[in-house]
Structures are given as C-alpha cells and as structure tokens.
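Asks: Pasted the sequence and its predicted model underneath.
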Amino acid sequence: MGKQHHAIDYNEKVIDIKGLTKSFGDYHVLRGIDLHLFKNENLVVLGRSGTGKSVLIKIISGLLRADAGQVGVLGNEVVNISNYDLQELRKRIGFSFQNSALYDSMTVRKNLEFPLVRNQKNLKRKEIDSMVERVLEAVGLKQTINQMPSELSGGQRKRIGIARTLILRPEIMLYDEPTAGLDPITSMEINNLINSVQERFNTSSIIITHDLTCAKAVGDRVAMLLDGQFQRQGSFEEVFATDDVRVKQFYDYNFTD
Ligand SMILES: Nc1ncnc2c1ncn2[C@@H]1O[C@H](COP(=O)(O)OP(=O)(O)OP(=O)(O)O)[C@@H](O)[C@H]1O
C-alpha cells in the first residue's frame with residue numbers, strides 16, 4: 001500500500017504544465033510534458049539518471065527557460081514571466097537540494113536566520129527567534145541550535161536544510177533526491193519528515209528520487225519520466241503495474257526494500 005493522504009485539494013492546481021519542451025542542442029530532454037500538482041499533494045517524479053528531472057524543476061522555478069509549452073506555477077505563467085514577478089514567485093517556492101549546502105562557518109541558528117534576514121528586513125529579534133525555534137521544532141532538532149554543521153550527521157544536516165527552506169513559509173516545496181546518500185533508517189526519518197511538513201505547513205511538493213522506498217512512503221501520486229515524457233502516472237502500484245521493460249528494469253534496480 002502507498003500512503004494515504006486526505007487533505008489534497010483536487011480543485012486547485014498549484015503547478016500546471018502543458019506541452020513543455022526543452023532541448024540542449026540536438027538533445028531533446030523534455031519532449032512535450034504534461035504534469036500538474038494539486039494543492040497539498042506530494043508528487044514523486046521518477047526517472048533514470050539524465051532523464052531531465054532536475055531540468056524540469058529548474059524550469060518550474062525559473063532557473064532555466066522552457067523552449068515551448070505552458071508552465072503555470074501558483075497562477076503565474078513562468079515561460080514569459082518578468083524578472084520582478086519571477087523574484088516574487090521564487091519566494092513562494094522552497095528548494096531542498098541534494099547537498100543541503102549549509103554555511104559551515106555559521107551555527108545552526110545563524111544558518112536558519114540567514115534567509116529571514118535577507119528576505120524580510122524588518123523583523124524583530126523576538127520574531128526571528130520564534131521562527132527559528134518553530135522550524136527547528138518541526139524538524140525535531142531543537143537541541144542543535146548552537147551547534148556547527150560539522151557537528152551534525154548527514155541526516156541532521158538534511159533536516160536543517162529543510163528547516164532553513166521552511167522558515168520562509170513556501171507554498172511549494174521541491175525536494176531533489178532527499179534520501180541520496182543516507183542509510184535506510186535515516187532515509188525513513190526523512191520520508192516521515194516530508195510527510196509531516198506536508199501536514200504541518202500545508203505545502204504542495206514535488207519529490208525527485210530514485211529511491212522507490214521513498215517514492216512509496218511519501219508519494220500521493222507518482223509520475224515516471226520515460227524518453228522525455230511522463231508516460232506513466234498514478235499511484236505507486238499503478239505506475240509499476242505494467243510489462244514495459246523500461247519500467248520493470250527501473251523497479252528491479254531501485255527497489256531494495
Ligand atoms: N545547462 C545545460 N546545458 C546542457 N545540457 C544540460 C544542461 N542541463 C542539463 N543538461 C542535460 O540534460 C540532461 C538531463 O539532465 P538532468 O540534470 O535534468 O538529469 P536528471 O534526470 O536530474 O538526472 P540525475 O538524477 O542524474 O540528476 C542531461 O543529459 C544533461 O547533460
């Protein structure tokens with residue numbers, strides 16, 4: 001059984017992509033993609049290395065431009081968005097990168113304050129402290145507030161990275177390989193965290209992963225990129241209920257549970 005989640009709003013699409021194409025020279029990475037994300041939904045995007053998963057989330061967040069198609073994000077059309085609107089839109093989207101990229105010379109507290117101080121210049125000390133405490137509590141790491149990143153485990157650093165993203169209260173979360181390089185128990189803890197973030201912060205998320213245990217644990221819906229298109233979408237079970245050798249191979253090599 002995949003996960004069950006009941007708060008998804010099927011009437012509201014926070015991301016709505018139609019006919020998206022993107023090439024690099026002669027290499028056609030995305031070949032007419034249709035994809036949507038409902039409000040409060042966790043959507044897992046699966047695909048082999050090099051299939052264009054990172055390119056897709058870069059286009060969603062405006063870091064890369066699409067060649068053609070429509071990319072609706074929180075009511076904006078990002079294909080022809082102005083730079084100002086793009087900056088405003090980016091504040092509503094949180095990224096959790098593969099390498100959490102904490103600042104090694106700053107304590108956990110300073111790392112968490114950093115995006116706040118940069119983006120919301122008029123906050124009082126008390127407000128900053130309470131926001132830091134709130135996100136630290138949400139990721140279960142209150143005790144690390146005065147530690148340096150080098151004193152944390154890989155899983156803890158990943159959590160702090162997620163906390164730092166949450167502090168700006170994003171409406172959409174984009175997780176790039178959230179369990180990469182983590183052991184199975186730590187991975188499970190991150191999967192649980194992704195689900196609890198969805199519930200506590202009402203985020204809608206795209207989770208890019210190779211880890212099928214993660215896909216099963218966090219995905220309300222799964223979409224698989226094959227040859228530049230989402231040829232399979234549905235529940236975890238639906239996506240893998242096929243004789244397509246490309247899908248079977250992906251399952252056999254990536255499911256270790
Ligand atoms: N800026 C770029 N210029 C040229 N080619 C690019 C660029 N960005 C990505 N590509 C190519 O597009 C393809 C898809 O890359 P992408 O990073 O999206 O893969 P991915 O599915 O995220 O794989 P992985 O899981 O390995 O990160 C790759 O072949 C890559 O070389």
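Replies: Received, thanks.

Asks: The longest strand seen in the chain packs against which elements?
Replies: Counting residues, the longest strand in the chain under DSSP state E turns out to be strand 9-24. Secondary structure elements in contact with strand 9-24, counted by 3 or more Cβ pairs under 8 Å, 6 or more residues apart in numbering; DSSP states H and E, are strand 27-39, helix 53-60, strand 68-73, strand 204-208. Using the backbone N, CA and C atoms, a C-beta is placed for each residue, glycine as well.

Asks: most tightly surrounded among those?
Replies: Of the helices and strands packed on strand 9-24, the one with the most neighbours on average (mean count of other Cβ atoms under 10 Å) is strand 204-208, at a mean of 24.

Asks: ok, is whatever helix or strand comes next after that strand in contact with the ligand or not?
Replies: Using DSSP states H and E, the helix or strand that follows strand 204-208 towards the C-terminus is helix 212-218. No. Judged by Cβ under 6 Å from any ligand atom, helix 212-218 stays clear of the ligand, getting no closer than 13.5 Å.

Asks: Show me what helix 212-218 is packed up against.
Replies: Going by 3+ Cβ pairs under 8 Å, 6+ apart, helix 212-218 lies up against strand 42-46, helix 184-201, strand 204-208, helix 236-240.

Asks: one step back: the ligand: which of the helices and strands packed on strand 9-24 is closest?
Replies: helix 53-60 (3.3 Å; Cβ to the nearest ligand atom).

Asks: is that closest one up against the ligand anywhere?
Replies: Yes. Remark: helix 53-60 sits within contact range of the ligand at 53-55, by Cβ under 6 Å from any ligand atom.

Asks: circling back to that earlier point, need the helices and strands packed on strand 9-24 in TSV (columns: mean pLDDT and distance to residue 101).
Replies: Below are those laid out as TSV (pLDDT from 0 to 100; distance: least, Cβ to Cβ, whole Å):
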stretch	mean pLDDT	distance to residue 101
strand 27-39	96	24
helix 53-60	93	15
strand 68-73	96	23
strand 204-208	96	16
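
Asks: Strand partners (parallel or antiparallel) of the longest strand of the chain?
Replies: strand 27-39 (antiparallel), strand 68-73 (antiparallel) (DSSP bridges).

Asks: Compile those into TSV and extend it with columns for distance to the ligand.
Replies: Below are these laid out as TSV (distance: least, Cβ to the nearest ligand atom, whole Å):
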stretch	distance to the ligand
strand 27-39	5
strand 68-73	15
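
Asks: which one of these lies closest to residue 209?
Replies: strand 27-39 (15.4 Å; Cβ to Cβ).

Asks: between the strands paired with strand 9-24, which gets nearest to residue 253?
Replies: strand 27-39 (21.5 Å).
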